[in-house]
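J.: this one's sequence-less:
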């Protein structure tokens, strides 16, 4: 499947999901709704990370191998990653386009808050399930569709 097709499909689903969550926010309040969102994506990330860990097939769960596993998943989620910095214990990547951000924008939802409750716990739980010493964090959030996110993967 073509990357643009996947990006647009994920963006459409993100827009629909964001609209739903904003309805939940209206009914139950922002804190309650976003706490549920965070715990859902943390749990999903742990389960996903345990499945992805099997792809190591005996290889060390170092930063490069974890990055390679994550890179294999990104295209199916509508993401691309460009490695911009690398050392033995750290990889920093640029995410030039984000279907979650654009989907939230279409739904009139706060994209960075959604990222804090979805992508942040998801990504960190995935890498910690693969290697408990690994950590994923967002160094920079995009401020527009034309901007980018910068993400860091480290191992202590």
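T.: Arrived safely. Everything numeric here is computed off the predicted structure, so don't read it as measured data.

J.: give the contact list for the residue most central in space within the chain.
T.: For the chain, residue 119 is the residue whose C-alpha lies nearest the centre (CA atoms, centre = their mean; 3.4 Å). Neighbouring residues of residue 119 by CB atoms under 8 Å, 6 or more residues apart in numbering: 41, 100, 138. Where C-beta positions appear, they are placed from N, C-alpha and C, glycine not excepted.

J.: which of the three states applies to residue 138?
T.: Under the three-state scheme (DSSP: H, G, I helix; E, B strand; the rest coil), residue 138 adopts strand.

J.: hmm, it is touching residue 148, no?
T.: No: using CB atoms under 8 Å as the test, residue 138 is too far from residue 148 to be in contact (11.2 Å).

J.: for the helix or strand harbouring residue 152, buried residues please.
T.: Using DSSP states H and E, residue 152 sits in strand 149-155. Neighbour counts over strand 149-155 (16 or more other CB atoms under 10 Å) mark 149-151, 153-155 as buried.

J.: touching it from outside, list them.
T.: With CB under 8 Å, 6+ apart as the test, strand 149-155 has contacts from 62-63, 66-67, 70, 81, 84, 89-95, 98, 115, 123, 127, 131, 133-142.

J.: ChimeraX command to pick out the buried ones of these?
T.: Here is the ChimeraX command that picks out the buried ones among those, judged by 16+ other CB under 10 Å:
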select :63,66,67,70,81,91,92,93,94,95,98,115,123,127,131,134,135,136,138,141,142
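
J.: elements contacting the helix or strand containing residue 5?
T.: Assigned by DSSP H and E, residue 5 belongs to helix 3-28. The contact analysis (3 or more CB pairs under 8 Å, 6 or more residues apart in numbering; DSSP states H and E) places helix 3-28 against helix 30-53, helix 99-107.

J.: can you rerun that using 10 Å?
T.: The contact analysis (3 or more CB pairs under 10 Å, 6 or more residues apart in numbering; DSSP states H and E) places helix 3-28 against helix 30-53, helix 99-107, helix 111-117.

J.: export these to TSV and tack on distance to residue 16 and mean pLDDT?
T.: Shown next, in TSV, are the helices and strands packed on helix 3-28 (distance: least, CB to CB, whole Å; pLDDT from 0 to 100):
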stretch	distance to residue 16	mean pLDDT
helix 30-53	15	96
helix 99-107	8	96
helix 111-117	13	94
